[in-house]
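J.: Quick one: sequence and predicted model below, then my questions.
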Amino acid sequence: QVQLVESGGGLVQAGGSLRLSCTTSGTFFSIGDMKWYREAPGKQRELVATIDRGGATNHARSVKGRFTISRDNAKNMVYLQMNSLKPEDTAVYYCYANIRLSGVTTAYAYWGQGTQVTVSS
């Protein structure tokens with residue numbers, strides 16, 4: 001069974017930094033796009049950043065220049081380096097991966113359980 005597990009969340013003061021990690025475990029053939037989403041209280045889940053298998057990235061306008069997504073294909077991990085954090089970055093952050101299972105041509109979406117990031121002013 002494929003699982004995604006996030007870590008690295010916590011409480012930080014405005015202007016501080018955190019690094020989120022997401023590890024993928026289980027049996028699968030390959031991992032395609034990996035993404036970070038976040039969901040703040042009372043708001044819809046929003047896409048924060050995307051990275052494809054080749055390392056090409058996209059970041060939401062609200063985090064561009066402050067957050068950086070990266071991945072380690074050998075370790076099946078994706079990271080989100082968050083700098084210059086603001087109170088409005090407070091949310092539960094979710095890892096997402098598009099994963100192709102062995103013997104299957106279709107890729108499926110997998111989500112982690114989320115990790116809380118709280119930025120105090």
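T.: The structure has been received and is ready for your questions.
J.: In contact with the residue nearest the centre of the chain, which residues are there?
T.: Central residue check for the chain by C-alpha atoms, centre = their mean: the C-alpha nearest the mean position is that of W36, 2.8 Å away. Counting by C-beta atoms under 8 Å, 6 or more residues apart in numbering, W36 touches L20, C22, L47, V48, A49, I69, V78, L80, Y93, Y94, C95, Y96. (Glycine included, C-beta is placed from N, CA and C.)
J.: just to confirm, which helix or strand has it in it?
T.: Per DSSP states H and E: W36 is located in strand 30-39.
J.: quick one: contacts of stretch 5-23?
T.: 4, 25, 34, 36, 75-87, 93-95, 97, 112-121.
J.: measure that stretch end to end?
T.: One end of stretch 5-23 to the other measures 5 Å (C-alpha to C-alpha, to the nearest Å).
J.: where do the strands sit along the protein?
T.: Along the chain, the segments classed as strands by DSSP state E run 3-7, 10-13, 18-25, 30-39, 46-51, 57-59, 67-72, 77-82, 91-100, 107-111, 115-120.
J.: For the first one, what is the distance to the chain centroid?
T.: Centroid displacement of strand 3-7 relative to its chain, using C-alpha atoms, centre = their mean, to the nearest Å, is 9 Å.
J.: What of the fifth one?
T.: On the basis of C-alpha atoms, centre = their mean, the separation between the geometric centre of strand 46-51 and that of its chain is 7 Å.
J.: Could you verify my assumption that N58 touches V48?
T.: No: if you go by C-beta atoms under 8 Å, N58 and V48 don't touch, sitting 9.8 Å apart.
J.: And those two? Which one has more around it.
T.: V48 (23 against 14; other C-beta atoms under 10 Å).
J.: Could you check how far the residue nearest to the more buried one when sequence neighbours are not counted is from A56?
T.: Nearest residue to V48, sequence neighbours excluded (C-beta to C-beta, 6 or more residues apart in numbering): W36, at 4.4 Å. Distance, W36 to A56, by C-beta to C-beta, to the nearest Å: 15 Å.
J.: can I get the CA coordinates of stretch 81-100 in CSV?
T.: What follows is stretch 81-100, C-alpha atoms only, in CSV (Å, rounded to 0.1, in the frame of the first residue of the first chain):
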residue,chain,number,x,y,z
GLN,A,81,11.5,25.1,2.0
MET,A,82,9.5,27.9,3.5
ASN,A,83,11.3,31.2,4.2
SER,A,84,10.1,34.6,5.3
LEU,A,85,6.9,33.0,6.7
LYS,A,86,3.9,35.2,7.3
PRO,A,87,0.8,34.7,9.5
GLU,A,88,-1.3,34.1,6.4
ASP,A,89,0.8,31.0,5.6
THR,A,90,-0.8,29.3,8.6
ALA,A,91,-2.5,26.2,7.3
VAL,A,92,-2.4,22.4,7.2
TYR,A,93,0.1,21.5,4.4
TYR,A,94,-0.6,18.4,2.4
CYS,A,95,1.8,16.4,0.2
TYR,A,96,0.4,15.0,-3.1
ALA,A,97,1.9,12.6,-5.6
ASN,A,98,0.8,11.1,-8.9
ILE,A,99,1.9,7.5,-8.7
ARG,A,100,1.9,4.7,-11.2
